[in-house]
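Asker: I would like the atomic coordinates for the input below:
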Amino acid sequence: GFGVGKTTMVRSVSEIRPLNTEETMTEAGRPVDDISAVHTKTSTTVAFDFGRITIDDRSVLYLFGAPGQERFWFLWDRLFAGTLGAVVLVDTRRLADSWYAIDRLEHHGTPFIVACNDFGGAIHTPEQLREALDLSPDVPLVDCDARDRTSSKYVLIALLQHLHALSAAAREPSAT
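Answerer: The predicted model follows:
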């Protein structure tokens, strides 16, 4: 969703200076971008954010933060090409803003986890969040603070663990 902390998370965790396409929000964008829930937001991503984390000598994790506004959703299908997994970052004060991302990932068959960014809103139980987002029990749900490098690393570790578990399950012979 718009203004949930995607750019902040990429910035906090990338080992390189992230590429970002943040631009100042203008009056022309006000009728298009609903900033009522993020009234202090002054800039927005207009293409995508890019960062990188080296896992080991052979593995590198490339990070892409997609813009959350509906007018940029056409970019998402391109970003999904070749993607092994995704993090849906949510603001629990605005859960409905996350439905499109979840729907697109499910449509593409892209494994994902959901990370609830801490904006100091009301506390929801994991069961309430799962129900509100219509998440299946096998989708990991984690809490985070996108501003904090350690917290953002934990989110990415949770994604990698989820992808590893899915890969291991796919390799297991089915029971007959």
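Asker: mind listing the helices for the chain?
Answerer: Along the chain, counting by DSSP state H, helices occupy 6-13, 76-80, 99-108, 126-133, 149-171.
Asker: highest average neighbour count across those helices?
Answerer: Neighbour counts averaged per stretch over the helices of the chain are highest for helix 6-13, at a mean of 23; criterion: mean count of other Cβ atoms under 10 Å. All C-beta atoms are positioned from the backbone trio N, CA, C, and that covers glycine.
Asker: ok, and what's touching that helix?
Answerer: 18, 20, 22, 45, 49-51, 53, 63-66, 68, 87, 89, 117, 144, 146-149, 151-153, 155-156 (Cβ atoms under 8 Å, 6 or more residues apart in numbering).
Asker: Using PyMOL, make a named selection holding only the buried ones among these.
Answerer: In PyMOL, the members of the contacts of helix 6-13 classed as buried (16 or more other Cβ atoms under 10 Å) are selected with the following command:
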select buried, resi 18+20+45+49+50+51+53+63+64+65+66+68+87+89+117+144+146+151+152+155+156
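Asker: Restricted to strands, list the contacts of helix 6-13.
Answerer: Members of the contacts of helix 6-13 lying in strands (criterion: DSSP state E): 22, 45, 49-51, 53, 63-65, 87, 89, 117, 144.
Asker: any chance of the residues you listed in a markdown table, plus pLDDT and distance to residue 95?
Answerer: Listed next are the ones in strands among the contacts of helix 6-13 as a markdown table, based on pLDDT from 0 to 100; distance: Cβ to Cβ, whole Å:
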| residue | pLDDT | distance to residue 95 |
| --- | --- | --- |
| 22 | 66 | 25 |
| 45 | 56 | 20 |
| 49 | 85 | 22 |
| 50 | 88 | 27 |
| 51 | 94 | 26 |
| 53 | 94 | 28 |
| 63 | 92 | 23 |
| 64 | 88 | 22 |
| 65 | 85 | 19 |
| 87 | 95 | 16 |
| 89 | 94 | 12 |
| 117 | 91 | 12 |
| 144 | 95 | 15 |
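Asker: Pick the one among those residues closest to residue 77.
Answerer: residue 64 (12.7 Å; Cβ to Cβ).
Asker: what about that closest one, distance to residue 148?
Answerer: Residue 64 sits 20 Å away from residue 148 when distances are taken as Cβ to Cβ, to the nearest Å.
Asker: now do residue 138
Answerer: Using Cβ to Cβ, one obtains 27 Å as the distance from residue 138 to residue 148.
Asker: any low-confidence regions in this protein?
Answerer: For the chain, the stretches flagged by pLDDT under 70 are 21-47, 68-69, 71, 174-176.
Asker: hmm, 90 instead?
Answerer: Applying pLDDT under 90 to the chain picks out residues 1-7, 18-50, 55, 59, 64-83, 91-101, 103-105, 107-108, 118-124, 170-176.
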